[in-house]
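Peer 1: A predicted structure for the sequence below; I have some questions about it.
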Amino acid sequence: MSNKIVGQKKLLQSQYEAIMQDQFSHATLLYSKSGYGVLPIALELAEFLVCQNRSTAGPCGQCPSCHKSQQWIHPDIHFAFPVVKKGNAERVKITSKDFLSEWRKALDANPYMSLAEWVSDIVTSSARADINVTECNQISHQLTLQAFGGGAKVQIIWMADLLGNNGNRLLKLIEEPPENTYIILTAEDTDSVLNTIKSRCRLLAVPRIDEASVRDYLEGAYHVDVEKASQIAFLCEGDFSDALSYVDVDSGQLLQIALLLFAVTRAKDIVGIRDWVDEFNGYNSQEQRGILHYILKLLREMLHYHYLGEAGIRLGREEVHMLQERGVIAEMTLERIKRLSDILSDALTGLARNANTKVLMYNTCLEIESVIHSEAILTR
């Protein structure tokens with residue numbers, strides 16, 4: 001698995017050593033944005049814990065246990081993750097076991113996925129995913145059973161911030177797990193994790209991925225050329241899931257899409273807005289996310305421009321030239337940047353929730369138009 005992890009070598013090395021020295025906590029909560037690698041790291045540590053020939057360099061990757069771990073089928077590595085209703089069964093009876101096939105496919109495709117991306121893989125309409133009480137009871141039961149391989153048992157709970165009060169059923173298990181049993185939880189929002197759970201876990205913050213690691217991984221694994229890989233590494237801000245959304249979109253094309261959006265909304269061009277939305281709708285969901293993230297990045301860099309001048313922004317010369325030539329930088333007041341950023345962030349949330357793309361983006365364009373033409377914002 002480690003060859004699929006982007007960066008994070010220092011953190012992993014410290015955990016390998018802790019396990020080898022029998023100093024690894026039986027309950028660990030990894031937390032940060034999904035795109036920083038909390039789930040890949042949890043998977044790596046689980047593989048290491050059941051590996052038959054591990055060393056401080058990591059899991060061997062060759063033993064039968066590692067082979068099973070790498071296919072997500074090791075009988076002593078258990079998964080719990082947020083799910084939704086499936087078929088005609090009652091929601092209370094649905095657990096992660098009902099979605100293991102979809103889960104393995106999702107892990108193969110992108111273990112850096114966000115909750116929204118996972119939910120969009122398993123349901124076609126807006127739905128709230130969570131980890132229910134049946135799942136918690138199932139976790140407690142399966143961890144009392146003897147390990148199939150005679151070694152460690154590992155329970156991964158992805159998105160523990162969605163346990164809610166159901167997590168209370170796991171308190172005794174987390175505090176006093178069976179011998180040679182490890183529970184690895186992950187969360188994006190630790191404030192949503194019960195304090196009673198956090199107090200029983202070792203908390204481990206996962207830092208953002210450094211630019212060099214993102215760039216090198218894109219070059220090696222995805223065969224992205226050096227210049228584009230460098231730009232993506234800058235744009236994604238350490239979030240590898242965001243980085244993937246830029247891979248299949250040309251950077252020059254991204255700039256033209258952004259400039260056209262600003263132009264048609266500034267001109268109150270309803271036909272132009274409709275055409276822009278139609279073009280946007282033609283991209284796949286990952287590319288759509290990449291477009292919106294790129295426009296948000298432009299806005300943040302224009303914010304830096306206000307405070308630091310042209311030398312303080314990290315955009316290509318062509319990008320700066322075009323933004324200046326089209327008058328975009330000049331019209332972007334601080335308040336306007338804030339309002340537009342909020343609008344685009346809401347659009348990203350809507351996409352993640354499987355909203356109708358055309359309706360969502362048409363309304364988004366009208367909101368952008370309103371902000372651009374707001375007199376109160378123009379005078380600031």
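Peer 2: On my side now, so go ahead.

Peer 1: Extract the CA atoms of the longest helix anywhere in the chain and return them as PDB.
Peer 2: Criterion DSSP state H: the longest helix present in the chain is helix 285-308. Extracted in PDB, the C-alpha atoms of helix 285-308 (Å, rounded to 0.1, in the frame of the first residue of the first chain):
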ATOM      1  CA  SER A 285     -18.000  15.200 -12.000                       C
ATOM      2  CA  GLN A 286     -14.300  15.100 -11.200                       C
ATOM      3  CA  GLU A 287     -13.500  17.700 -13.900                       C
ATOM      4  CA  GLN A 288     -16.300  19.900 -12.700                       C
ATOM      5  CA  ARG A 289     -14.800  19.900  -9.200                       C
ATOM      6  CA  GLY A 290     -11.500  20.800 -10.700                       C
ATOM      7  CA  ILE A 291     -12.900  23.800 -12.600                       C
ATOM      8  CA  LEU A 292     -14.600  25.200  -9.400                       C
ATOM      9  CA  HIS A 293     -11.500  24.600  -7.300                       C
ATOM     10  CA  TYR A 294      -9.400  26.400  -9.900                       C
ATOM     11  CA  ILE A 295     -11.700  29.400  -9.900                       C
ATOM     12  CA  LEU A 296     -11.600  29.500  -6.100                       C
ATOM     13  CA  LYS A 297      -7.800  29.400  -6.300                       C
ATOM     14  CA  LEU A 298      -7.800  32.400  -8.700                       C
ATOM     15  CA  LEU A 299      -9.900  34.300  -6.200                       C
ATOM     16  CA  ARG A 300      -7.600  33.400  -3.300                       C
ATOM     17  CA  GLU A 301      -4.600  34.500  -5.300                       C
ATOM     18  CA  MET A 302      -6.300  37.800  -6.200                       C
ATOM     19  CA  LEU A 303      -6.800  38.300  -2.500                       C
ATOM     20  CA  HIS A 304      -3.100  37.900  -2.000                       C
ATOM     21  CA  TYR A 305      -2.600  40.500  -4.800                       C
ATOM     22  CA  HIS A 306      -4.500  43.000  -2.800                       C
ATOM     23  CA  TYR A 307      -2.200  42.700   0.200                       C
ATOM     24  CA  LEU A 308       1.200  41.800  -1.500                       C
END
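
Peer 1: Just the buried positions in that helix, please.
Peer 2: Within helix 285-308, the residues scored as buried using 16 or more other Cβ atoms under 10 Å are 286-299, 301-303, 305. Placement of C-beta: from N, CA and C, glycine included.

Peer 1: same thing with stretch 53-60?
Peer 2: For stretch 53-60, by 16+ other Cβ under 10 Å, it's 54, 58-59.

Peer 1: Equivalent analysis for stretch 215-234, please.
Peer 2: So, applying 16+ other Cβ under 10 Å, buried residues of stretch 215-234: 215-219, 224, 228-234.

Peer 1: where along the stretch 201-350 of the chain do the helices fall?
Peer 2: Taking DSSP state H, counting those that start in this stretch, the helices of the stretch 201-350 of the chain run over residues 211-222, 226-236, 240-247, 251-266, 270-281, 285-308, 317-325, 328-331, 334-352.

Peer 1: again with the stretch 51-200 of the chain
Peer 2: For the stretch 51-200 of the chain, applying DSSP H, counting those that start in this stretch gives helices covering 64-70, 100-109, 115-122, 133-142, 171-175, 195-198.

Peer 1: Residue 260: what's its closest spatial neighbour, skipping adjacent residues?
Peer 2: Distances taken as Cβ to Cβ, 6 or more residues apart in numbering place residue 276 nearest to residue 260, at 5.9 Å, with adjacent residues excluded.

Peer 1: In contact with the one you found, which residues?
Peer 2: Residues in contact with residue 276 (Cβ atoms under 8 Å, 6 or more residues apart in numbering) are 257, 260-261, 264, 365.

Peer 1: Closest to residue 242 out of the residues you listed?
Peer 2: residue 257 (16.7 Å; Cβ to Cβ).

Peer 1: Run a quick neighbour tally on the closest one.
Peer 2: By other Cβ atoms under 10 Å, 19 other residues sit near residue 257.

Peer 1: hang on, it packs against residue 291?
Peer 2: Yes - with contact defined as Cβ atoms under 8 Å, residue 257 counts as touching residue 291 (5.7 Å).

Peer 1: Now for the two: what residues contact both?
Peer 2: Joint contacts of residue 257 and residue 291 (Cβ under 8 Å, 6+ apart) are residue 280.
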